[in-house]
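Undergrad: For reference, the sequence and a predicted model appear below.
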Amino acid sequence: MNLLSGGAVAALALLLTSCGGILSGPPERELYRLHPAIAFPAPLPHTAAQLLVVTPSAPAGLDTVRIALSRAPVSLDYFAGVQWADRVPFLVRSALVEGFEKSGAASAVGSGGLRADFVLETDIRDFTAVYEAPAAAPRVSVALNLKLVRATDRQVVGQVSLGRTAGAAANTLPEVVVAYDKALGGVVEEAVAWTLNNRALAGGSGRR
């Protein structure tokens, strides 16, 4: 026996849809991409070694598509209604690969498909817009730990911590993203220079 008439079922469906109930989809967020400007003032040492840039690790609060902000040293929150075009570790990996490519000093670099001589491992320590005053424009903080590993014997041949900050010109999302571009670009430039100046890469292939 039908408990609801056809008219009642239609009315219930309309109610659930109009009220944002279980039949409605999740709200869409506005997407933002990163385009860090990466440049090198002087030529870097060339290496014949093949370099694999693995996907960085990150704490759970930063391993996300959400755009992180902090209003106190112990707090972490996110901008509402917006997100990155990809998870933060993938954005950082892409920026690092692009940096090595723009340097023109690495014979082969990528995030896969290589018989790597060296592996660059990255740990994301910060990727946050920091508010030091509620109404002021934030400063963006990007911090990475890098470890360069020889592929043949997994020996660590170098390790460093790098960080950059950049102030947003205004307290708006487009300007905050520009600050992210500046901070990330600066860290990538340092990371590429540090890697290519490592003595272990001077001999080219790390294979024995």
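TA: Structure received.
Undergrad: Could you pull out the helices in the chain for me?
TA: For the chain, the helices defined by DSSP state H cover 6-18, 88-103, 173-196.
Undergrad: export these to TSV and tack on mean pLDDT and mean neighbour count?
TA: C-beta here means a position set from N, CA and C on the backbone, and glycine is covered the same way. Shown next, in TSV, are those (pLDDT from 0 to 100; neighbours: other CB atoms under 10 Å):
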stretch	mean pLDDT	mean neighbour count
helix 6-18	43	11
helix 88-103	96	20
helix 173-196	97	21
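Undergrad: To residue 35, which of the ones you listed lies closest?
TA: Comparing these by their distance to residue 35 (CB to CB), the top pick is helix 173-196, with 5.8 Å.
Undergrad: list the helices and strands that closest one packs on?
TA: Applying 3 or more CB pairs under 8 Å, 6 or more residues apart in numbering; DSSP states H and E, we find helix 173-196 packed against strand 30-32, helix 88-103, strand 118-130, strand 139-150, strand 156-167.
Undergrad: In CSV, list these along with distance to residue 200.
TA: Below are the helices and strands packed on helix 173-196 laid out as CSV (distance: least, CB to CB, whole Å):
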stretch, distance to residue 200
strand 30-32, 37
helix 88-103, 16
strand 118-130, 7
strand 139-150, 6
strand 156-167, 4
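Undergrad: which stretch among the ones you listed comes nearest residue 76?
TA: Between those, strand 118-130 lies closest to residue 76; by CB to CB that is 7.1 Å.
Undergrad: So which bits of the closest one are buried?
TA: Residues of strand 118-130 classed as buried: 118-122, 124-130 (neighbour count, 16 or more other CB atoms under 10 Å).
Undergrad: can you pull the alpha-carbon coordinates of that strand into CSV?
TA: Presented in CSV, the C-alpha positions along strand 118-130 are these (Å, rounded to 0.1, in the frame of the first residue of the first chain):
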residue,chain,number,x,y,z
PHE,A,118,69.2,11.8,-7.0
VAL,A,119,65.9,12.3,-5.2
LEU,A,120,64.7,15.5,-3.8
GLU,A,121,62.4,15.0,-0.8
THR,A,122,60.4,17.9,0.6
ASP,A,123,58.5,18.5,3.8
ILE,A,124,56.1,21.4,3.8
ARG,A,125,56.3,23.2,7.2
ASP,A,126,54.3,26.3,6.4
PHE,A,127,52.0,27.5,3.7
THR,A,128,49.8,30.0,5.4
ALA,A,129,48.5,33.5,5.2
VAL,A,130,49.2,35.0,8.6
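Undergrad: Quick one: mean pLDDT over that strand.
TA: Taken as a whole, strand 118-130 has an average pLDDT of 97.
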